[in-house]
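Chemist: just need the structure, nothing else, for what follows:
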Amino acid sequence: MGYRLREPVRESKFSSELRVEALSRVVGEDVVRVVLESEGVREERERKLTMRVVVYLVIAMNIFTHVSMGHVMRKLSQGLRFIWHDPEYRLPTEPALTYRRYQLGARPLAALFHQVCKPLATPATNGAYLFGLRLMAIDGTTEDVPDTPENLVAFGKHNGGRGDSAFPQVQAVSLAECGTHAIVDAGFWPCHTSEEVGARRLLRSVGTGMLVMIDRSLYSYDFAVGIRGRGAHVLARMPAHVKPKPVRTLPDGTYLAWIYPAQRKRRKSERTLVRIVEYTLTDPSLPGCGQRYRLVTSLLSHTEYPALELACGYHERWEIEITIDETDTHQRLAGRTLRSLKPVGVIQELYGLLIAHYAIRAVMHEAALAADIDPDRLSFVHAVRVTADAIAEFQMIAPEQLPQLYARLLRDIAAKRLPERRVRSNPRVVKRKMSNFRLKRRGGEPPPQPAAASWRDAVALSGQHTTPNVSTDAPAKTQLCLI
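Modeler: Sure thing, here's the model as predicted:
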């Protein structure tokens, strides 16, 4: 038996019937309404573009990242328009979409993110736990935003010996669940904000039963103590300059040691007992082969928490790097800036990006559970495309058949499986280090414009020595482009 088309209520408005059932298990309408109400976003009358629809539009524009806002709206409403009783119904214009976006602001999207995005893994999730502790990781990245005066003032640019960065940048720090790639907390700051400052803010979402992994750039005594203060355990790579005080060596070669705050002279009585795991890599093809690595952990028992398991488990921290790559490269399409020309739009867009990523990852997790496989065996790119295609389908079919269609969505996502993870070497290198072109500077003199009226007037064939026919009355603006 096939699917039946939905019959919209003729007396209802288009905005009332517009829903995104493909994501409703994660970002339900009731949750959106509660968040809008709590943030004081109220509407006296139902407009053509309600704030509820605008919320879904901001999320959808981070699924359909390659098209304009107007086309995002068309994608978002494609299924409903197909069955709508008025085939000539006109969607809101792009200026109206932009106006309503900024009227909504960033706070409702931030509140929705914190309301919706929670850890996904269950005891049945493959690869999400170590020693019964939920594997979590904290890391940061920077996001390019459009080069407008407002964004420059709000976020700033990085500068160095070769000049300023091409675009203003936002410093983003995220807390992610390694097993499911779900980003459960995040914050955004001006680009010169320290990652450690942002990471400390995310301690609000760290709790009992977690093993939080951090790299050496984020390690500090206060941060490690902060993680333990939230009831979680810590596993971090220790920087070379940190000198713990050994207490005793354990039978497996690890040792207990005291670590101290950086301001040791002023905080003489403060110290924390940790366990140090030292290891090296023996494969010559791996970066850092032969180098000594030191891990610091609050898991002190060598019998309950074997050193080899900790050393191998720490490499699961790389999952947050893959998660960031998913949002940047595969979802947001790296190489392009965000869309928003104003800071409030930037923050709104970033939270919409994370909600969209979380929604897709939540569906992927459900598909992985149904197929009894590790979530990292499923293709994120495939899931994004399948989910995007399903939005219109969910709008068209009869409501009683939605569970049937959702089950098919899960099967479609689980059908595309990646090969099992292999040992890979990924040194931090780039192909193109610099450009031979001159730097484009803001506020400088504009380049000289051609005096020729057309391309033909500027061309002299080889062997001809005639004076080009250049008009002195050439218009100020021409379509000519000389390379």
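
Chemist: now for the lowest-mean-pLDDT helix or strand in the chain, which elements pack on it?
Modeler: In the chain, the helix or strand scored least confidently by mean pLDDT, DSSP states H and E is strand 163-164, which has a mean of 74. Of the remaining helices and strands, none touches strand 163-164 by 3 or more Cβ pairs under 8 Å, 6 or more residues apart in numbering; DSSP states H and E. Just so you know, the C-beta spots here come from the backbone N, C-alpha and C atoms, and that holds for glycine as well.

Chemist: list the strands paired with that strand, with their directions.
Modeler: strand 159-160 (antiparallel) (DSSP bridges).

Chemist: run through who's touching the partner strand.
Modeler: Ser165 (Cβ atoms under 8 Å, 6 or more residues apart in numbering).

Chemist: if we use 10 Å, what do you get?
Modeler: With contacts defined as Cβ atoms under 10 Å, 6 or more residues apart in numbering, strand 159-160 is touched by Ser165, His192.

Chemist: tell me, how many residues neighbour Gln348?
Modeler: 24 (other Cβ atoms under 10 Å).

Chemist: now the closest residue to it other than its chain neighbours: how far from Glu39?
Modeler: Distances taken as Cβ to Cβ, 6 or more residues apart in numbering place Ala106 nearest to Gln348, at 4.1 Å, with adjacent residues excluded. With distances taken as Cβ to Cβ, to the nearest Å, Ala106 is found 10 Å from Glu39.

Chemist: and those two? which has more neighbours close in?
Modeler: Per other Cβ under 10 Å, whichever of Ala106 and Glu39 has more neighbours is Ala106, with 22 against 17.

Chemist: I figured that one hits Gly352, correct?
Modeler: Yes - with contact defined as Cβ atoms under 10 Å, Ala106 reaches Gly352; the gap is 9.5 Å.

Chemist: mind listing the shared neighbours of those two?
Modeler: Common neighbours of Ala106 and Gly352 (Cβ under 10 Å, 6+ apart) are Val58.

Chemist: so Leu5 makes contact with Trp84?
Modeler: No - counting by Cβ under 10 Å, Trp84 is not a contact partner of Leu5; they are 11.3 Å apart.

Chemist: so which of these two has more stuff around it?
Modeler: Legend: neighbour count by other Cβ under 10 Å for Leu5 and Trp84, higher for Trp84 (17 against 12).

Chemist: how about the contacts made by that one?
Modeler: By Cβ under 10 Å, 6+ apart, the neighbours of Trp84 are Pro8, Arg10, Phe14, Glu17, Leu18, Ser77, Gln395.

Chemist: do you know how far Met210 is from Arg216?
Modeler: Taking Cβ to Cβ, one finds Met210 at 20 Å from Arg216.

Chemist: my bad, should have said Pro244
Modeler: 14 Å.

Chemist: got the contact list for Ile413?
Modeler: Ile413 neighbours (Cβ under 10 Å, 6+ apart): 360, 363-364, 366-368, 370-371, 378-380, 382-387, 390.

Chemist: can I get stretch 88-104 as PDB, trimmed to CA atoms?
Modeler: Listed next in PDB are the C-alpha coordinates belonging to stretch 88-104 (Å, rounded to 0.1, in the frame of the first residue of the first chain):
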ATOM      1  CA  GLU A  88      -0.800  30.300  -7.000                       C
ATOM      2  CA  TYR A  89       0.000  31.000  -3.300                       C
ATOM      3  CA  ARG A  90       2.900  33.400  -3.100                       C
ATOM      4  CA  LEU A  91       5.600  32.900  -0.500                       C
ATOM      5  CA  PRO A  92       7.100  35.800   1.500                       C
ATOM      6  CA  THR A  93       9.800  37.800  -0.400                       C
ATOM      7  CA  GLU A  94      13.500  37.700   0.600                       C
ATOM      8  CA  PRO A  95      13.400  41.200   2.200                       C
ATOM      9  CA  ALA A  96      10.500  40.000   4.300                       C
ATOM     10  CA  LEU A  97      12.400  36.900   5.400                       C
ATOM     11  CA  THR A  98      15.400  39.000   6.400                       C
ATOM     12  CA  TYR A  99      13.300  41.500   8.200                       C
ATOM     13  CA  ARG A 100      11.500  38.800  10.300                       C
ATOM     14  CA  ARG A 101      14.800  37.000  11.000                       C
ATOM     15  CA  TYR A 102      16.300  40.100  12.600                       C
ATOM     16  CA  GLN A 103      13.000  40.800  14.300                       C
ATOM     17  CA  LEU A 104      13.200  37.300  15.900                       C
END
